[in-house]
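Novice: From the sequence below, what's the structure:
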Amino acid sequence: QVQLVESGGGLVQAGGSLRLSCVASGRTSGSYAMGWFRQAPGKEREFVAAISWSGTIIDYTSVVKGRFTISRDNAKNTVYLQMNSLKPEDTAVYYCAARYVGSYRTGRASSLYDYWGQGTQVTVSS
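Specialist: Now for the predicted structure:
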């Protein structure tokens, strides 16, 4: 089992920045991709970004490309999501997720991921 704990959410004005962190613990050996997803009230959970174990494969949904940056530090079992130029429509609960899939793959579908964190709230005011 892998436990994931997100942190770094909060309230920020439009145009501001936040950095989310997700720390993995438990059975963290092996190569796992990490993803960030978000869910706004009344909407389905959606893909935001993903990064391979190697860090060489990175994917973003189009609406955050150029504003968000995903990165990871495998020595610390931590993945980050740097969010800049935040917009009110970025308001959501953000979840990190992990999937054991080897070193060079990611994935956009939430069903591909094996483990999930509890989520952290991000609120962007206009």
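
Novice: neighbours of Y94, just the number please.
Specialist: Neighbour count of Y94, defined by other C-beta atoms under 10 Å: 23. The C-beta positions use only the backbone N, C-alpha and C, and glycine is treated the same way.

Novice: Ignore what I typed, I meant C22.
Specialist: 25.

Novice: likewise K43?
Specialist: K43 has 9 nearby residues by other C-beta under 10 Å.

Novice: Which of the three states applies to it?
Specialist: When classified by DSSP: H, G, I helix; E, B strand; the rest coil, K43 comes out as coil.

Novice: What sits closest to it if chain neighbours are left out?
Specialist: A92 (7.9 Å; C-beta to C-beta, 6 or more residues apart in numbering).

Novice: That neighbour pairs with what?
Specialist: Going by DSSP bridges, A92 is paired in beta bridges with V122.

Novice: Would you quantify the distance from it to D114?
Specialist: 22 Å (C-beta to C-beta, to the nearest Å).

Novice: Which residue of these two possesses the greater neighbour count?
Specialist: More crowded of A92 and D114, by other C-beta under 10 Å: A92, with 22 against 12.

Novice: I'd say that one and V122 touch.
Specialist: Yes. Using C-beta atoms under 8 Å, A92 is in contact with V122, at 6.1 Å.

Novice: Report the set of residues contacting both of those two.
Specialist: Common neighbours of A92 and V122 (criterion: C-beta atoms under 8 Å, 6 or more residues apart in numbering): R38.

Novice: T91 and R38: what is the separation?
Specialist: Per C-beta to C-beta, T91 is found 9 Å from R38.

Novice: residues contacting A50?
Specialist: With C-beta under 8 Å, 6+ apart, A50 has these contacts: A33, M34, G35, W36, I58, D59, I70, T106, G107, R108.

Novice: now do S110
Specialist: By C-beta under 8 Å, 6+ apart, S110 lies in contact with F37, R45, F47, A97.

Novice: in which helix or strand would I find Q3?
Specialist: Using DSSP states H and E, Q3 maps to strand 2-7.

Novice: Show residues contacting stretch 93-104.
Specialist: 2, 4, 6, 9, 20, 22, 24, 30-40, 45, 48, 52-54, 56-57, 79, 81, 107, 110, 112-122.
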